[in-house]
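1. 3D, please:
(one chain, ligands or ions: 1)
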Amino acid sequence: MTAPDISSPADRRLRAAWLTDVLHRHAHAYYVLDNPSIPDSEYDKLFSELQSLEIAHPELMTADSPTQRVGGMPLPQFDQVRHSVPMLSLANAFADEDVVAFDKRVRDGLASIDEVDYATELKFDGLAINLRYEDGILVQAATRGDGLTGENVTANIRTVGAIPLRLRTAHPPKILDVRGEVLMFKADFARLNARQREAGAKEFANPRNAAAGSLRQLDSRITAGRALRFFAYGIGMLEGAELPATQCGLLDWYAEIGLPVCHERAVVRGASGLLDYFGRIGGMRSSLAYDIDGVVYKVNRVDQQQSLGFVSRAPRFATAHKFPAEEAMTQVQDIEVQVGRTGAITPVARLIAVSVGGVSVTNATLHNEDEVRRKDIRIGDTVIVRRAGDVIPEVVSYVPELRPATVREFVMPTCCPICGSAIVRSEEEAIARCSGGALRCAAQRKGALMHFVSRRAMDVEGLGDQLIEQLVDKNLITTPADLYKLGFTTLAELERMAAKSAQNVLAALEASKSTVLARFIYALGIRHVGEATAKELARHFGKLDAVMEASEEQLLEVADVGPVVASAIRNYFADPLNVELVEQLRAAGIHWVENQVENQPKPMAGKTFVLTGTLPNLGRDAAAAMIEAAGGKVAGSVSKKTSYVVAGEEAGSKLLKAQELGITILDEAGLLHLLESA
Ligand code: IVH
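-> Reported below is the predicted structural model:
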């Protein structure tokens, strides 16, 4: 939300007072209750609005303004600890240009013509802590607090298994202040929240709040049950030992004396090295066991760090490169329902457009009616929207302070908005469904077709949602088999289509005919059969006919298949219309290599492949599926453990790295040859 344009002094005073009040309340919720009511990025926006107001109109500044206090406030329940060396914060970079500018400032500051070496690390999303070791023994632990004074949390920190109580060295320094981050792994967070839910206790908003809440317990037995972790990344006071010459050397030393450090750390050169690192980490972010909100760049040489020094509360030699915020605040204009491919009715919030994670979001899912009630989201509310990675944006919560009197409650319709059939909700399900089925309900028909052609299913490139919409609306297709009967003229005459795009769609349909069994099973869209189950079915039965003829007992022998899934598969193939669809698809020429029978040795088992660049014919997903079908693994980055790198056109740094490490490099033909001969 943008700041209102205020010109009258009275309005300005009101706005400043409102901002002060709101910021105080959010700061309390965040720091004291460990339960934030708005995203950090929104807090930062309100904070900087107040800050700019105060700078332009100093008479507005009050003694208790939130701008006068930096960082968290120490809790009165804990003893206070004055840090020997202040705990600073980092300047932020968001865009590539900010990083280039940071590197330029560093080089200017060092009067260096050469490129600078940087130590690069992850920016852990937890809370900063100072660990004091005297003669190698942990004697005190303190939170960052306001940077100068923190809370004494020694008793709680002693319960954290990852933090050594004694350093593993025969010659410990007299005094060592280790700086690092306490955090909670995502899996431990999920387990904790499940436990809280079962106990009827409040759930935590995210792993960072769970970590903060766990560390600031007055009873350290509670902390002990909370699976906290720690990574060391910096140093405060040091006496009785030589400071390592580089940041990288510091972390190596830490690792040696038993402190956990970031595995993904690296030393890179110049701005391009920094940006490569950012891209690499962005690509693997979701596979990390814990949350990070960016990466941190530090000039590697300590002598250079010292000559660069500090500006106000942040070092000149380091910066944080943040990922775009995954949460933002906006307003719900309406709540409508969407009909999915299985008839599921999903309430969707129509939003005032807002940028989340770098993408403009206007719709966010509310999952189901119970969720709307549980979260108490109403039309007109200001809400927090989250979008993590590729997942569909969702409404997390509403902001009570900003609820207008005019909000309206959502009412679940009784009839499908698309086909008018009754909406029914069975006792055991949270989901309401349109009873029309794919034959009557165009939304379900479209959904099934979109699923069929989607990337992870039959992967028909160029056949997007809008094209399917047109084809169904014009009654040109009903089932997936109809797709393969489409002619050039029909396609070329559709809106936003021309000869070239029609040809491309036909070529993509043709290419999709050569597939793997797991994809085909997944593409059918059988209820409860996701990608993983489809793979298990293909692996177990080897042939489609065997899946189609399997009894419920036989289906239950498949890993991943329980009674609900088994009965869904049986019901699907018991319907003659579905059997006919499969036959039509096979008659249209869809084929795969059958017989990856269970227990058959996987020729590529234990081999790791990395794909890079564009392969001339195979899509990336198809290549990965073939490798996995042969038992191989597909990894994102090249290391000594990589067995093969499959390189297509415009392969970049991964290819260079493979050449450096002497790893076998294959092109598409080489890959196919390897898989076939194995
Ligand atoms: S160095 C003098 N390194 O980010 C620099 N901080 O905005 C001090 N953080 O309070 C910080 N990961 O809680 C540093 N690898 C990392 C970090 C990191 C997370 C946090 C830390 C600090 C905040 C600064």
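2. tell me what the host helix or strand of Ala534 is packed against?
-> According to DSSP states H and E, Ala534 maps onto helix 531-541. Counting contacts by 3 or more C-beta pairs under 8 Å, 6 or more residues apart in numbering; DSSP states H and E, helix 531-541 is packed against helix 517-523, helix 544-549. In short, each C-beta sits where N, CA and C put it, glycine included.
3. Give me the buried stretch members for that helix, please.
-> 533-541 (16 or more other C-beta atoms under 10 Å).
4. ok, back up a step: comparing the helices and strands packed on helix 531-541, which comes out most buried?
-> Among the helices and strands packed on helix 531-541, ranked by average contacts under mean count of other C-beta atoms under 10 Å, first place goes to helix 517-523 (a mean of 24).
5. chain center to that helix, what's the gap?
-> 26 Å (C-alpha atoms, centre = their mean, to the nearest Å).
6. can you check stretch 572-579 too?
-> Using C-alpha atoms, centre = their mean, the offset of stretch 572-579 from its chain centre is 38 Å.
7. Can you show me the helices along the stretch 551-678 of the chain?
-> Counting by DSSP state H, counting those that start in this stretch, the stretch 551-678 of the chain has helices at residues 552-556, 563-574, 576-587, 620-629, 653-661, 668-677.
8. ok, and for the shortest one, which residues are buried?
-> Buried residues in helix 552-556, counting neighbours by 16+ other C-beta under 10 Å, are found at 554-555.
9. Just the residues contacting the helix ranked longest in the chain, thanks.
-> Looking across the chain with DSSP state H, the single longest helix is helix 9-27. Applying C-beta atoms under 8 Å, 6 or more residues apart in numbering, the set of residues contacting helix 9-27 from outside is 4, 6, 36-38, 43, 46-47, 49-50, 53-54, 57, 60, 62, 64-66, 73, 401.
10. Averaged pLDDT, that helix. What do you get?
-> Helix 9-27 carries an average pLDDT of 86.
11. Now the residue in the stretch 101-250 of the chain that the ligand sits nearest to: which helix or strand?
-> The ligand sits closest to Ala128 of the stretch 101-250 of the chain, with a gap of 3.3 Å, by C-beta to the nearest ligand atom. Following DSSP H and E, one finds Ala128 within strand 127-134.
12. Just give the closest residue to Arg191, not the sequence neighbours.
-> Counting by C-beta to C-beta, 6 or more residues apart in numbering, Ala227 is the residue found nearest to Arg191 once chain neighbours are left out, at 7.6 Å.
13. per-residue pLDDT, the one you found?
-> 88.
14. can you count the residues close to it?
-> Neighbourhood size, Ala227 [other C-beta atoms under 10 Å]: 19.
15. Flag every residue of the stretch 51-200 of the chain that's near the ligand.
-> Residues of the stretch 51-200 of the chain found near the ligand, taking C-beta under 6 Å from any ligand atom as the criterion, are 88-90, 121, 123-124, 128, 144, 181.
16. contacting residues around the nearest residue to Gly126 once chain neighbours are set aside?
-> Spatial nearest neighbour of Gly126, excluding adjacent residues (C-beta to C-beta, 6+ apart): Leu183 at 2.9 Å. Residues near Leu183 by C-beta under 8 Å, 6+ apart: 124-127, 207-208, 211, 228-231, 290-291.
17. any idea how far Met329 is from the residue nearest to Cys416 when sequence neighbours are not counted?
-> In space, not counting the residues next to it along the chain, Cys416 is nearest to Cys434; the distance is 3.8 Å by C-beta to C-beta, 6+ apart. Distance of Cys434 to Met329, given as C-beta to C-beta, to the nearest Å: 33 Å.
18. Contacts for stretch 604-618, please.
-> Here stretch 604-618 has contacts from 511, 620, 623-624, 626-627, 630-638, 641-652, 654-655, 658, 667-668, 671-672, 675, 678, using C-beta under 8 Å, 6+ apart.
19. can you check stretch 198-214 too?
-> If you take C-beta under 8 Å, 6+ apart as the criterion, stretch 198-214 is touched by 34-36, 125-127, 156, 182-186, 188-189, 192-193, 196-197, 222-223, 226, 228, 290-291.
20. Tell me which of those fall in strands.
-> 127, 182-184, 228 (DSSP state E).
21. so which of those residues is the most crowded?
-> Met184 (29 neighbours).
22. check contacts around it.
-> Taking C-beta under 8 Å, 6+ apart, one finds 126, 192, 207-208, 210-211, 214, 226-229, 290 in contact with Met184.
23. That one bridge partners, please.
-> Leu228 (DSSP bridges).
24. Please point out which parts of the strand or helix carrying Arg208 sit buried.
-> Assigned by DSSP H and E, Arg208 falls within helix 207-215. By neighbour count with 16+ other C-beta under 10 Å, helix 207-215 contains the buried residues 207-215.
25. Would you mind listing what in the protein touches the ligand?
-> Checking the chain against the ligand by C-beta under 6 Å from any ligand atom, the hits are 88-90, 121, 123-124, 128, 144, 181, 233-234, 296, 315, 318, 320.
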